[in-house]
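Enquirer: Please find the sequence and the predicted model below.
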Amino acid sequence: MDTMKDRFRRMKARNFLLVGFIAVLWGVLTFLSPHFIKISNLLLLLQQSSIVMVAGIGMTFAILTSGIDLSIGSVAALSSVMLGIAITKWGMPVYLALAIGLLTGTLFGMFNGILISYFKLQPMICTLGIMSIARGLTYILTSGRSIFVTDSLLIKIGNGRMLGVPIITIIALLMFIIGYIILNYTFLGRCVYCLGGNEEATRLSGINTRKMKTITYSICGFCAAVVGVLYVCTLGASEPTVGQGLELNATAVTAIGGTSLLGGVGSLVGTVFGAILIGTINNGLSILNIVSYYQQLLLGVVIILAVLLEQFRKK
């Protein structure tokens, strides 16, 4: 039976493999198009990868517990709409509006956690239902129309830079640092891994597994809300259609990063590299003027390959 040390060694090797693959891919894209390696494009790549990185961080927490959150894209859209409504219709200050947007996603994540942990609903079915509810509420609140937000602070977050780095990327890195600390240096983080490894043994050891799982999904909901805020900052509007397909991208970067879809094994470091890999593929295809349909095709192929690699590693 594998020990935690063996699993950590394999995760570390997986991360090195990812970094090497990204480096080779960067070299190939630079050869095909010198524009790829320009600083302006690399910063754009990081900015484009940041949103799916934040979503992937939340998804990693859910998958580590042997669960999944298919509602993350719809919750992000609803959070962005609540932010837009709070500013434009309720006349709230931006800081209070941000709190409402973030609280919306967190509460939906908590609701997911309660249904899954206390009512024993299957994570996939439960979050699929919440996905439909959140998206429906988004369209009801907006009547399917955009809510334009012109607040200077949000625009600065979406388009500004700090020390030459996009502010959105800095926010994503802060989310990663906080998530990394939680998973690796807190009691909650140990519980997340234990839940994915053996939930029944975790419960018998005296840990309140229901509470821990509810907190975990609340974190995932909070990450979805952050994504919704970043969408508003980037687009300058609350769009009811944003976040469609985000659950696929978030699952992809998590699986590519080495997090087992069966739970209990994985790391946020791998998720970050997975997000950069997906961002590189999308950016590279755009630079080479390859139609966007191929991005979805490649994304599906990459997910299958990541799962196959995980299966071969277990043999």
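Expert: The structure has been received and is ready for your questions. Because the structure is a prediction, the values reported are computed rather than measured.
Enquirer: And the strands in the stretch 201-315 of the chain, which stretches?
Expert: Assigned by DSSP state E, counting those that start in this stretch, the stretch 201-315 of the chain shows strands spanning 237-238.
Enquirer: Show me where it dips below the pLDDT cut-off.
Expert: In the predicted model, the stretch 201-315 of the chain carries pLDDT under 70 at residues 310-315.
Enquirer: let's go with 90 and repeat that
Expert: 248, 252, 255-256, 258, 260-262, 264-265, 281-282, 285-286, 288-315 (pLDDT under 90).
Enquirer: What helix or strand is the most centrally placed residue in the chain located in?
Expert: Computing the C-alpha centroid of the chain and ranking residues by CA atoms, centre = their mean puts residue 55 first, at 1.3 Å. Per DSSP states H and E, residue 55 falls inside helix 39-64.
Enquirer: Which strands or helices does that helix pack on?
Expert: helix 72-88, strand 165-166, helix 167-185, helix 187-197, helix 209-235, helix 246-256, helix 268-287 (3 or more CB pairs under 8 Å, 6 or more residues apart in numbering; DSSP states H and E). C-beta here means a position set from N, CA and C on the backbone, and glycine is covered the same way.
Enquirer: And for the residue lying closest to residue 234 once chain neighbours are set aside, the neighbour number?
Expert: Sequence neighbours aside, residue 158 is the residue nearest to residue 234 in space, at 4.4 Å (criterion: CB to CB, 6 or more residues apart in numbering). By other CB atoms under 10 Å, 20 other residues sit near residue 158.
Enquirer: related to what we said a few turns ago, could you check the angle helix 72-88 makes with the helix holding residue 55?
Expert: Helix 39-64 and helix 72-88 are oriented at 110 degrees to each other (axes from the mean of the first three to the mean of the last three CA atoms, to 10 degrees).
Enquirer: Verify the contact between residue 176 and residue 275 for me.
Expert: No - using CB atoms under 8 Å, residue 176 makes no contact with residue 275, being 9.5 Å away.
Enquirer: which residues do the two both contact?
Expert: residue 53 (CB atoms under 8 Å, 6 or more residues apart in numbering).
Enquirer: between the two, who's got more neighbours?
Expert: Shown here are residue 176 and residue 275; by other CB under 10 Å, residue 275 has more neighbours (30 against 20).
Enquirer: which non-adjacent residue is nearest the more buried one?
Expert: Excluding the flanking residues, the one nearest residue 275 by CB to CB, 6+ apart is residue 53, at 3.8 Å.
Enquirer: Please apply the same query to residue 111.
Expert: Residue 111 sits nearest to residue 130 (CB to CB, 6+ apart), 6.8 Å away.
Enquirer: Same check on residue 22?
Expert: Using CB to CB, 6+ apart, the closest residue to residue 22 is residue 277 (5.5 Å).
Enquirer: what's the angle from the longest helix along the chain to helix 268-287?
Expert: The residue-count maximum for a helix in the chain (DSSP state H) belongs to helix 4-32. Helix 4-32 runs at 20 degrees relative to helix 268-287, counting by the same axes, to 10 degrees.
Enquirer: Helix 4-32 vs helix 246-256, what angle?
Expert: 110 degrees.
Enquirer: between helix 4-32 and helix 187-197, how many degrees?
Expert: 90 degrees.
Enquirer: tell me what helix 4-32 is packed against?
Expert: By 3+ CB pairs under 8 Å, 6+ apart, helix 4-32 packs against helix 268-287.
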